[in-house]
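> need the 3D shape of this:
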Amino acid sequence: MPLDIPDGPAPSDVELDRAEGLTLRWPEGETASFPLAFLRAACPCAECRGLREQGRTVGTETVQARDAHLVGAWGLTIEWSDGHATGIYSWGVLRAWAGLDADTPDE
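Numbers count the residues shown, from 1 in each chain. The predicted structure follows:
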């Protein structure tokens, strides 16, 4: 099963509130905000995808972000308070989740 990761431009501004959520702003003026619980539950890494496929819960409602790091010009990885840090949130996936692009990925 191929994994189609939508390509997307990098945001011009990335703001992480470690207790609340992630806000991204693109040069065209578009803004997207994501609660931390949503991002942790939707982690795109293989381990978390596997857990979701088994019907298991990923993350908790009380999760916080310890830190975030850019992954080249491609996306962002978040270090979570539950110790998880392997998911890479591509700019294209985040734009799609926010409804800014026509093709929204399943995960």
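> tell me where the model's unsure across this structure.
1-6, 102-107 (pLDDT under 70).
> any idea which residue sits dead centre in it?
Geometric centre of the chain, nearest residue: Y89, 4.0 Å, by CA atoms, centre = their mean.
> who's in contact with that residue?
By CB atoms under 8 Å, 6 or more residues apart in numbering, the contact list for Y89 reads 39, 44, 75-78. For glycine as for every other residue, the C-beta is placed from the backbone atoms N, C-alpha and C.
> helix, strand or coil: sort out the closest residue to L76 other than its chain neighbours for me.
Spatial nearest neighbour of L76, chain neighbours left out: Y89 (5.0 Å); criterion: CB to CB, 6 or more residues apart in numbering. Assigned with DSSP: H, G, I helix; E, B strand; the rest coil, Y89 falls in the strand class.
> from G55, how far out is the residue nearest to the centre of the chain?
23 Å (CB to CB, to the nearest Å).
> name the residues of the strand or helix carrying L16 that are buried.
Using DSSP states H and E, L16 falls within strand 13-17. Along strand 13-17, these residues count as buried under the neighbour rule (16 or more other CB atoms under 10 Å): L16.
> same check on stretch 65-84?
65, 68, 75-78, 80-81, 84.
> please, where are all the strands along this protein?
13-17, 21-25, 31-35, 65-71, 75-80, 88-90 (DSSP state E).
> other SSEs contacting the longest one?
Read it as strand 65-71. Here strand 65-71 touches strand 13-17, strand 75-80, going by 3 or more CB pairs under 8 Å, 6 or more residues apart in numbering; DSSP states H and E.
> now do 6 Å
strand 75-80 (3 or more CB pairs under 6 Å, 6 or more residues apart in numbering; DSSP states H and E).
> in CSV: the contacts of Y89, plus distance to D101.
Listed next are these as CSV, based on distance: CB to CB, whole Å:
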residue, distance to D101
L39, 18
P44, 16
G75, 14
L76, 17
T77, 21
I78, 21
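> max pairwise distance over those residues: which two?
L39 and G75 (12.0 Å; CB to CB).
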